[in-house]
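Colleague: Any chance you could fold what I've pasted below:
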Amino acid sequence: MLDATLRNRAAQLLTASRRSEVPPFMVMDVMAAAERIEAAGGHVIHMEVGQPAAPAPQSAIAAARAALGSGRIDYTSALGIPSLRARIARHYRDAYGCPLDPERIVVTTGSSGAFILAFLAMFESGDRVAVTVPGYPPYRHILTALGCEPVLIETTSETRHALTGEALLEAHRRTPLKGVLVGSPANPTGTMISREALTALMAAAQDAGIRFISDEIYHGLDYAFPAVTAAELSERALVINSFSKYFCMTGWRVGWMVVPEPLVRPIERLQQNLAISVPTLSQIAAEAAFEGRDEMEAVKAGYLENRRILIEGLPQAGLTKFLPADGAFYLYADVSDFTSDSFAFARTMLDEAHVAATPGVDFDPFHGRNFVRFSYARSAEDMREAVARIARWLRRR
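Modeller: Residues are numbered from 1 along each chain as shown. Okay, here's the model as predicted:
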């Protein structure tokens, strides 16, 4: 009896909190399944994860090596190394013609750390925050874990899958919203919001008192037209970006925010307590990464070629419908001609064709069963081989 009582008490101590009951980020499960196939000797074409195949700029790697040679890697300011913050501010002036005070720049542990800091600083538990679907799953999962309520707004082909002010205000009228988060270029679709559409959306949000967060992690990877930063349009917007995508520094885990001035000190306090500071070595490398733009533009040209290979090749393979691939390095393909279960479709394609892709149910709980996301961040040779494998596999179905 005593043993049973102790076991019951131990089980209660090990019960996870309700806030931890968020769905898995399915792309990581797909990647793990692909790695098991590779461990058994198979050759998988990785199109599941949004990770550049290219390394960080040589300037970043050299700076990190030099820093390691000094023998000391210490804490930094919670807001980031001052010279890095100044360099990021200069980037906004150079890239967008947008002057920024470096004091409004906060360095973060990737964009993921930025989302946590932003949500904690801007919202109370129970606040309703709009996000679009299809959309990046951790938006809603992090909001849920922090006690907020994600409000899913479906996008349509009529607006090129971009959120409009009308759709935002319609959701706000049903039950008031405290905030909205948008991404352009977007994950998983690659679609972008034009300057005119973003201006109108931000004006609608501001007039309604809805706080605005802009995820700009794929800026620099724009093909259809130049990306516009929300920082240029309003000092009230909070902008999130990262060195992960354009600068090919996913594992370095360093990003940044452009923060409205009243939120700088609150976010600094949160960062002091949650992380103390962002890894110093990564910050040093990130500052040097700006000197590697020529390398990164060559990588971007490779993405553009990969995009062409998929847009031309997948229809010949049998996948004829996909959303506009304006930017980033994703193609969001409609597979409804073959299945109504994109999870099973992706799993079977991985098992039989050894092509890894992410099922749309990870990004869209409403219609994601009809879509699969392909990442084209790897080599052109991989893209051509993936198209050939998918074509052979679909012919056998």
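Colleague: how about the strands in the stretch 151-300 of the chain?
Modeller: 179-183, 211-215, 238-242, 255-258 (DSSP state E, counting those that start in this stretch).
Colleague: So for A16, which of those sits nearest?
Modeller: strand 179-183 (26.1 Å; C-beta to C-beta). (Each C-beta comes from the backbone N, C-alpha and C, glycine too.)
Colleague: Which strands or helices does the closest one pack on?
Modeller: strand 128-133, strand 211-215 (3 or more C-beta pairs under 8 Å, 6 or more residues apart in numbering; DSSP states H and E).
Colleague: Out of those, which is the most enclosed?
Modeller: Mean neighbour counts were compared across these using mean count of other C-beta atoms under 10 Å; the top stretch is strand 211-215, at a mean of 24.
Colleague: Make JSON lines from the helices and strands packed on strand 179-183 and add mean pLDDT and distance to D294 to it.
Modeller: Compiled in JSON lines, the helices and strands packed on strand 179-183 are given as follows (pLDDT from 0 to 100; distance: least, C-beta to C-beta, whole Å):
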{"stretch": "strand 128-133", "mean pLDDT": "97", "distance to D294": "34"}
{"stretch": "strand 211-215", "mean pLDDT": "98", "distance to D294": "26"}
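Colleague: okay, those in a markdown table with distance to P279 next?
Modeller: Output for the helices and strands packed on strand 179-183, formatted as a markdown table (distance: least, C-beta to C-beta, whole Å):
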| stretch | distance to P279 |
| --- | --- |
| strand 128-133 | 28 |
| strand 211-215 | 22 |
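Colleague: closest one to A78 among those?
Modeller: Among the helices and strands packed on strand 179-183, strand 211-215 comes nearest to A78, with 20.4 Å by C-beta to C-beta.
Colleague: all helices of the stretch 101-250 of the chain, in order?
Modeller: For the stretch 101-250 of the chain, applying DSSP state H, counting those that start in this stretch gives helices covering 110-122, 137-145, 165-174, 195-207, 230-233.
Colleague: Quick one: mean pLDDT for the third one?
Modeller: Pointing back at helix 165-174 there. What helix 165-174 shows for mean pLDDT is 97.
Colleague: do the same with the fourth one
Modeller: Over the span of helix 195-207, the pLDDT mean works out to 97.
Colleague: Any regions of the stretch 251-397 of the chain where pLDDT drops low?
Modeller: For the stretch 251-397 of the chain, no stretch has pLDDT under 70.
Colleague: where exactly do the helices run in it?
Modeller: Applying DSSP H, counting those that start in this stretch to the stretch 251-397 of the chain gives helices spanning 264-274, 280-289, 293-317, 342-353, 380-396.
Colleague: got the ones you listed as CSV, with distance to G360 columns?
Modeller: Output for those, formatted as CSV (distance: least, C-beta to C-beta, whole Å):
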stretch, distance to G360
helix 264-274, 32
helix 280-289, 32
helix 293-317, 15
helix 342-353, 5
helix 380-396, 16
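Colleague: Of the ones you listed, which stretch is the most buried?
Modeller: Note that of the helices of the stretch 251-397 of the chain, helix 280-289 is the most buried (mean count of other C-beta under 10 Å), with a mean of 23.
Colleague: Packing partners of that one?
Modeller: Contact partners of helix 280-289 among helices and strands, from 3+ C-beta pairs under 8 Å, 6+ apart: helix 58-69, helix 82-96.
Colleague: Dump it to PDB, restricted to CA.
Modeller: What follows is helix 280-289, C-alpha atoms only, in PDB (Å, rounded to 0.1, in the frame of the first residue of the first chain):
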ATOM      1  CA  THR A 280      28.300  36.200 -27.300                       C
ATOM      2  CA  LEU A 281      30.100  34.200 -29.900                       C
ATOM      3  CA  SER A 282      27.000  34.200 -32.100                       C
ATOM      4  CA  GLN A 283      26.600  38.000 -31.700                       C
ATOM      5  CA  ILE A 284      30.200  38.500 -32.800                       C
ATOM      6  CA  ALA A 285      29.700  36.300 -35.800                       C
ATOM      7  CA  ALA A 286      26.400  38.100 -36.600                       C
ATOM      8  CA  GLU A 287      27.900  41.500 -36.700                       C
ATOM      9  CA  ALA A 288      30.600  40.200 -39.200                       C
ATOM     10  CA  ALA A 289      28.000  38.500 -41.300                       C
END
